[in-house]
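>>> okay, here's the prediction I keep looking at, along with the sequence it came from:
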Amino acid sequence: MFRLEDVRKHRAQGDSAFELQVPSLEIHPGEMIAVVGESGCGKSTLLDLLALVLRPTSSQVFRFTEPNTGHSVDAAALWAGGHEDALAHLRRAHMGYVLQTGGLLPFLDVRRNIELSARVSGREPVAVSELASQLGIDNCLDRMPAALSIGQRQRVAIARAVAHGPALVLADEPTAAVDKARGAQIMERLAMLARQQGTAVVVVTHDRPLVEPLVARGYGFAVSAISDELTVSVCRPLERWKAAS
Ligand SMILES: Nc1ncnc2c1ncn2[C@@H]1O[C@H](COP(=O)(O)OP(=O)(O)OP(=O)(O)O)[C@@H](O)[C@H]1O
């Protein structure tokens, strides 16, 4: 779905500068990728690059392949040509993004917030009540975001990101504001999406223990270091590792 070779993003503010270097990264349908590292090492930067909201400074290869059609798009060329509309179309059609801050619209109730991703991409939303119940927010559907706890808002943001059936779900610290048990449930739900629907899921977390139980759930696990501080862990259902070897 994604292929990145030697992708770099330089960020500077005042006297300090930072560069994220991604030597090589492939993301396939049905994979769950955990991006793990300390604060400030570039996790959100990587996610924003994959979400096509942040322009890479340079890249050898930055391709997105539409999973249903196999149509391959040179995202780097779209950035270079200033084709923001085409990038926005790819985002709307194929991606769901769970922002670290939740990013819910304050003037829409929870149900309408969840339905939003489907509305803007012209698709039927999945069964909202069922999705809400799986995430433990079914009693919140008629409430406004301001009347929710931070953890509830984060779960609504997850529901919204997956309600239009995207091929790729990107989640920035989706378990940051919930307790350990709920965090494990959220990871489980995201893994289920990958396993049952072939969705690729990329989760940013600084909490490695939340990712490791997936191994016991039949996921193979490969960790590759992007830098001394940032690792990308590819959790692929075991049968896929076997098929690939
Ligand atoms: N808009 C920006 N302009 C300039 N530098 C930035 C910008 N956003 C982030 N940075 C810098 O880029 C580096 C990586 O930031 P990033 O947010 O990707 O890290 P992170 O690993 O997600 O951190 P955290 O876990 O704290 O969210 C940091 O040094 C940060 O200060």
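It's in. Residues are numbered from 1 along each chain as shown.

>>> does residue 3 count as helix, strand or coil?
Under DSSP: H, G, I helix; E, B strand; the rest coil, residue 3 falls in the strand class.

>>> any idea how far it lies from the ligand?
Here the criterion is Cβ to the nearest ligand atom, to the nearest Å. By it, residue 3 lies 21 Å from the ligand. (Glycine included, C-beta is placed from N, CA and C.)

>>> test my guess that that residue contacts residue 73.
No: the pair residue 3 / residue 73 is not scored as a contact, 11.0 Å apart, by Cβ atoms under 8 Å.

>>> spit out the residues that contact these two alike.
63, 65 (Cβ atoms under 8 Å, 6 or more residues apart in numbering).

>>> assign residue 12 to helix, strand or coil.
strand.

>>> how about it, what does it touch?
So residue 12 contacts residue 18 (Cβ under 8 Å, 6+ apart).

>>> beta partners for it?
residue 17 (DSSP bridges).

>>> report pLDDT for it.
Residue 12 is assigned 85 on the pLDDT scale.

>>> now do residue 38
Listed pLDDT for residue 38 reads 76.

>>> can you check residue 125 too?
Looking at residue 125, its pLDDT reads 67.

>>> show me which residues of this structure sit near the ligand.
Residues of the chain lying close to the ligand by Cβ under 6 Å from any ligand atom are 11-13, 18, 37, 39-45, 206.

>>> which of the residues you listed are buried?
37, 41-45 (16 or more other Cβ atoms under 10 Å).

>>> so can I have TSV of those showing secondary structure and distance to residue 109?
Converted to TSV, those look like this (DSSP: H, G, I helix; E, B strand; the rest coil; distance: Cβ to Cβ, whole Å):
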residue	secondary structure	distance to residue 109
37	coil	36
41	coil	37
42	coil	36
43	helix	31
44	helix	28
45	helix	33
